[in-house]
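# Quick check, what structure comes out for this input:
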Amino acid sequence: MKSKEIQLSDIWNDEKRTSLKEFITTHSQKQSKEQKLKNELLAIQFKIEDYISSERVSDPLRIIDFIKLYLKTLNVSQKKLAELFEMKDSNLHKYLVGERKLNTDILLKLSSFSNLNPEYWLRVEIKNELFEINKEKDHLKYFEKYSYHNLLAISDH
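Below is the predicted model:
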């Protein structure tokens, strides 16, 4: 007797999709406000992780883009965040948009605020810096002279 190959439509047909959607909706309505907030914050963390690990970036996301997600979820203004961080809003904004490099103080405040490892924020900043460098092809050519091939060529002489 031949076994029938299972098709995707056998698993995910319209009836099952509708049933799953209803289950998720019903389950989410039963969650407490606190659990919904935790889920939304976790979703932002996943977006950051996804951004950091993505190979290609066509449109870089700045730190402020992620912070805006947190602020919207928490229904808090950037000005209130600046107050929490004990700094001027304009100063905080310069760090968030990348006009200033993150320092340890800001890094640890962002980390505490978002409940994320400080490395996440550094990796977003570095990814964006590398994106900008990669846009300038001539700039990359300049660094080719630092290849280990050139070092080996020098030591052969």
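# ok, now which ones touch the closest residue to residue 79 other than its chain neighbours?
Residue nearest to residue 79 in three dimensions, not counting chain neighbours: residue 89, with 4.8 Å by C-beta to C-beta, 6 or more residues apart in numbering. (Each C-beta comes from the backbone N, C-alpha and C, glycine too.) Counting by C-beta atoms under 8 Å, 6 or more residues apart in numbering, residue 89 touches 78, 79, 82.
# could I get those as JSON lines with pLDDT and distance to residue 124?
Formatted as JSON lines, the contacts of residue 89 follow (pLDDT from 0 to 100; distance: C-beta to C-beta, whole Å):
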{"residue": "78", "pLDDT": "96", "distance to residue 124": "17"}
{"residue": "79", "pLDDT": "97", "distance to residue 124": "22"}
{"residue": "82", "pLDDT": "97", "distance to residue 124": "19"}
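# all helices in this protein, in order from the N-terminus.
Along the chain, counting by DSSP state H, helices occupy 8-11, 14-30, 33-53, 63-74, 78-84, 89-96, 104-114, 118-135, 137-143, 148-156.
# rewinding a little: show me just the buried residues among the contacts of residue 89.
Buried by 16 or more other C-beta atoms under 10 Å: residue 82, out of those.
# Distance of the residue nearest the centre of the chain relative to residue 42?
Taking C-alpha atoms, centre = their mean, the centroid of the chain lies closest to residue 48, which sits 1.8 Å from it. Residue 48 sits 11 Å away from residue 42, taking C-beta to C-beta, to the nearest Å as the criterion.
# again, but for residue 60
Taken as C-beta to C-beta, the span from residue 60 to residue 42 is 23 Å.
# related to what we said a few turns ago, can you lay out the contacts of residue 89 as a markdown table showing distance to residue 144?
Formatted as a markdown table, the contacts of residue 89 follow (distance: C-beta to C-beta, whole Å):
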| residue | distance to residue 144 |
| --- | --- |
| 78 | 41 |
| 79 | 46 |
| 82 | 42 |
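# which one of the contacts of residue 89 is nearest residue 123?
residue 78 (22.0 Å; C-beta to C-beta).
# Surely the closest one touches residue 71?
Yes - Residue 78 lies in contact with residue 71 (C-beta atoms under 8 Å); the separation is 6.1 Å.
# what's the pLDDT at the closest residue to residue 69 other than its chain neighbours?
Spatial nearest neighbour of residue 69, excluding adjacent residues (C-beta to C-beta, 6+ apart): residue 44 at 4.8 Å. Note on residue 44: pLDDT of 97.
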